[in-house]
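>>> What follows is a predicted structure for the sequence shown.
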Amino acid sequence: MGDDAEIMMAHATNNGSAQSISANDFNERVKRLLEKKPAVEPAQAKQAARRFSRSGPRT
């Protein structure tokens, strides 16, 4: 596990209730996690396959 995961697990309680954290603490954790992730390249758009067939003449 990474250092961040070990730190969070060290402070975790085992009673099953949610822990409240400050907005600043949450934002700092998110920033640290996002720094480690590689940049995501946008997916190329592709044509959707036609999943029906026309049964009658077009009007």
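Cool, got the structure.

>>> Okay, helices next: where are they in this protein?
Under the criterion DSSP state H, helices of the chain are mapped to 3-10, 23-36.

>>> Worst mean pLDDT among those?
When the helices of the chain are compared by mean pLDDT, helix 3-10 comes last with a mean of 59.

>>> Return the distance of stretch 40-58 from the chain's centre.
The chain centroid and the centroid of stretch 40-58 are separated by 27 Å under CA atoms, centre = their mean, to the nearest Å.

>>> Q19: how many residues sit nearby?
Around Q19 there are 9 other residues, counting by other CB atoms under 10 Å. C-beta: built from backbone N, CA, C; applies to glycine.

>>> How about L33?
Applying other CB under 10 Å, we find 12 residues neighbouring L33.

>>> Same check on E28?
Counted with other CB under 10 Å, residues neighbouring E28 total 12.

>>> got it, and the one 4 residues further on?
Using other CB under 10 Å, R32 has 12 other residues around it.

>>> Please apply the same query to K36.
8.

>>> again with R29
Neighbours of R29 (other CB under 10 Å): 14.

>>> what's the distance between it and A23?
11 Å (CB to CB, to the nearest Å).

>>> and what of L33?
Look at L33 and A23: by CB to CB, they are 16 Å apart.

>>> and if you look at R54?
Per CB to CB, R54 is found 55 Å from A23.

>>> cool, and V40?
For V40, the distance to A23 equals 25 Å [CB to CB].

>>> Check R51 too.
45 Å.

>>> What of R50?
In this view, R50 and A23 are 48 Å apart by CB to CB.

>>> What of L34?
Here the criterion is CB to CB. By it, L34 lies 16 Å from A23.

>>> Check E41 too.
According to CB to CB, E41 and A23 sit 30 Å apart.

>>> So which residue is dead centre in the protein?
L34 (10.4 Å; CA atoms, centre = their mean).

>>> and the gap between that residue and S55?
Counting by CB to CB - L34 and S55 are separated by 51 Å.
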